[in-house]
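A.B. asks: Everything below, folded, please.
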Amino acid sequence: MSVLPSIDPAALAAGRGPSIDAAEFAELVRAFNEVTARLESTHGSLQREVGSLKQELADAQARLRRSRQLAALGEMAAGIAHEIRNPLGAIGLTLEALTEDLEGRPEQLELCGRVSRAVGRLDGIVGDVLAFARDTRVRPEATPLQGPLLAALAATEDLIERHDIDVDLELDEAASAEIDASLLEQALLNIMRNACEAMCSTAAPHRLVVRLSSVELRDPDAGRVGHSMIEIVDTGPGIPEDVRQRMFNPFFTTRAEGTGLGLAIVHRIVDAHGGRLDVKSGESGTSIRVSLPVIFQGERMETSEESGQSLGDAVRRRVRDNADAGSGSRPEVGPGEESDRGAA
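C.D. replies: Below you'll find the model as predicted:
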């Protein structure tokens with residue numbers, strides 16, 4: 001770039017400004033255009049970054065709302081289940097006594113059998129509800145994720161063979177995280193079986209893709225944080241938007257049988273690990289991503305407490321902490337709790 005002539009302020013005040021030839025003027029225009037282009041580019045980048053942050057904020061708020069719903073519904077369901085189980089037990093005992101009194105009366109015994117089977121089904125539902133609501137313990141340990149992932153896939157082998165599903169594995173063997181391996185295996189098994197069962201209703205080639213990779217995701221408190229991401233992709237019919245909004249709600253199901261608690265439990269397990277659960281779906285299939293922080297982001301128990309973390313308490317504490325963070329106040333740390341908080 002050529003050097004522009006210096007300008008004397010006194011000369012300008014006297015009206016005797018320097019003369020600029022055509023080449024210097026063109027150079028001045030070019031420099032001005034370069035600065036303008038850089039400013040426009042920076043402005044565009046800032047707009048894109050603001051848009052990305054707004055979307056991430058909306059996603060975090062959606063996860064917070066979902067955690068609140070799960071915590072509230074879990075507590076309510078546990079109370080209702082206990083209230084149902086008590087009279088249900090009385091019905092079962094009375095039915096046993098009645099069956100003994102009706103010995104030798106086949107027609108009446110058949111009616112008792114029907115009632116007994118109905119009581120058994122109700123007891124099974126109550127058991128599922130209590131399993132969802134109970135305080136499962138999370139014991140995080142540094143673990144290669146390939147192990148629980150392959151274990152869950154092996155437990156899905158019956159559906160894979162029955163529906164003639166091709167399985168593609170794309171695994172980063174170095175990917176690891178601080179997790180409870182048994183709980184993660186339970187969550188992945190549920191997701192994989194749902195994916196296999198979804199594909200059985202389509203004529204398209206049945207293909208299950210399982211990916212394991214290491215990524216960095218933004219954390220509202222710690223910036224970009226290392227995560228291990230598990231992605232499970234199927235070629236099923238996809239999930240309608242209205243179903244996608246409710247699929248992790250307890251007791252919601254589109255099937256004729258089942259309690260609708262499987263994916264709710266998956267969500268609670270991932271949330272208690274401080275992880276993220278994302279769903280993308282279209283006509284060509286569904287992708288579910290489970291992202292787990294390499295360093296455990298859930299609540300850690302004090303060394304004096306029993307090893308492990310209450311899954312129910314984890315959800316409730318994370319809801320409370322996120323709500324306090326959103327209001328700008330710092331939550332008080334009670335006895336037996338640490339002051340560090342996980343990502344939303």
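A.B. asks: mind listing what the most centrally placed residue in the chain touches?
C.D. replies: A centroid search over the chain (CA atoms, centre = their mean) returns Leu277, at 2.0 Å, as the residue closest to the centre. Going by CB atoms under 8 Å, 6 or more residues apart in numbering, Leu277 touches 248, 266-267, 270-271, 288-291. C-betas here are computed from N, CA, C, even on glycine.
A.B. asks: Strands of the stretch 51-200 of the chain, residue ranges please.
C.D. replies: 137-138, 141-144, 166-171, 176-179 (DSSP state E, counting those that start in this stretch).
A.B. asks: Determine which stretch of those is the most buried.
C.D. replies: Stretch with highest mean neighbour count among those: strand 176-179 (a mean of 23; mean count of other CB atoms under 10 Å).
A.B. asks: Tell me the strands beside that strand, with direction?
C.D. replies: Using DSSP bridges, strand 176-179 pairs in its sheet with strand 141-144 (antiparallel).
A.B. asks: contacting residues around the partner strand?
C.D. replies: Strand 141-144 has contacts (CB under 8 Å, 6+ apart) with 173-181.
A.B. asks: looking only at pLDDT, what's the mean for the longest helix seen in the chain?
C.D. replies: Counting by DSSP state H, the longest helix found in the chain is helix 22-101. The pLDDT scores in helix 22-101 average 79.
A.B. asks: burial count for Leu149?
C.D. replies: Using other CB atoms under 10 Å, Leu149 has 26 other residues around it.
A.B. asks: Repeat that for Leu153.
C.D. replies: Neighbour count for Leu153, taken as other CB under 10 Å: 19.
A.B. asks: so it sits right up against Ala195, yeah?
C.D. replies: No - counting by CB atoms under 8 Å, Leu153 stays clear of Ala195, with 10.9 Å between them.
A.B. asks: Is the nearest residue to Val270 once chain neighbours are set aside bridged to anything, and to what?
C.D. replies: Excluding the flanking residues, the one nearest Val270 by CB to CB, 6 or more residues apart in numbering is Leu277, at 4.8 Å. Note on Leu277: beta-bridge partners by DSSP bridges are Val290.
A.B. asks: how far away is Leu277 from Gly127?
C.D. replies: 25 Å (CB to CB, to the nearest Å).
A.B. asks: circling back: relative to Val126, how far out is the residue nearest to the centre of the chain?
C.D. replies: Applying CB to CB to Leu277 and Val126 gives a distance of 27 Å.
A.B. asks: that older thread, how about the strands of the stretch 51-200 of the chain, which one is nearest Ala204?
C.D. replies: For Ala204, the closest of the strands of the stretch 51-200 of the chain is strand 166-171, at 11.7 Å, according to CB to CB.
A.B. asks: Including mean pLDDT and distance to Leu189, could the strands of the stretch 51-200 of the chain go into a markdown table?
C.D. replies: Converted to a markdown table, the strands of the stretch 51-200 of the chain look like this (pLDDT from 0 to 100; distance: least, CB to CB, whole Å):
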| stretch | mean pLDDT | distance to Leu189 |
| --- | --- | --- |
| strand 137-138 | 73 | 17 |
| strand 141-144 | 93 | 16 |
| strand 166-171 | 95 | 14 |
| strand 176-179 | 93 | 14 |
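A.B. asks: and Arg105, which of those is closest to it?
C.D. replies: Distance to Arg105, taken as CB to CB, is lowest for strand 137-138 among the strands of the stretch 51-200 of the chain, at 49.3 Å.
A.B. asks: how about low-confidence regions in the chain?
C.D. replies: Per-residue confidence for the chain (pLDDT under 70) gives these ranges: 1-19, 60, 63-64, 66-74, 131-137, 220-222, 256-258, 298-344.
A.B. asks: Tell me what Leu171 is bridged to.
C.D. replies: Beta-bridge pairing of Leu171 under DSSP bridges involves Leu212.
A.B. asks: For it, give me its contacts.
C.D. replies: Contact analysis of Leu171 by CB under 8 Å, 6+ apart lists 146, 149, 210-212.
A.B. asks: one step back: wait, which of the contacts of strand 141-144 is closest to Gly89?
C.D. replies: For those, the nearest to Gly89 is Asp180 (32.2 Å; CB to CB).
A.B. asks: My guess is the closest one contacts Leu145. True?
C.D. replies: No - using CB under 8 Å, Asp180 is not in contact with Leu145; the gap is 12.0 Å.
A.B. asks: quick one: what helix or strand has Val209 in it?
C.D. replies: strand 207-219 (DSSP states H and E).
A.B. asks: Just the angle for whichever helix or strand comes after that strand relative to strand 207-219, thanks.
C.D. replies: Using DSSP H and E, the helix or strand that follows strand 207-219 in sequence is strand 223-234. Strand 223-234 runs at 170 degrees relative to strand 207-219, counting by axes from the mean of the first three to the mean of the last three CA atoms, to 10 degrees.
A.B. asks: Strand 223-234 - contacts with which helices or strands?
C.D. replies: Under the contact definition 3 or more CB pairs under 8 Å, 6 or more residues apart in numbering; DSSP states H and E, strand 223-234 sits against strand 176-179, helix 181-199, strand 207-219, strand 285-293.
A.B. asks: again, 10 Å this time
C.D. replies: Judged by 3 or more CB pairs under 10 Å, 6 or more residues apart in numbering; DSSP states H and E, strand 223-234 is in contact with helix 146-154, strand 166-171, strand 176-179, helix 181-199, strand 207-219, strand 276-282, strand 285-293.
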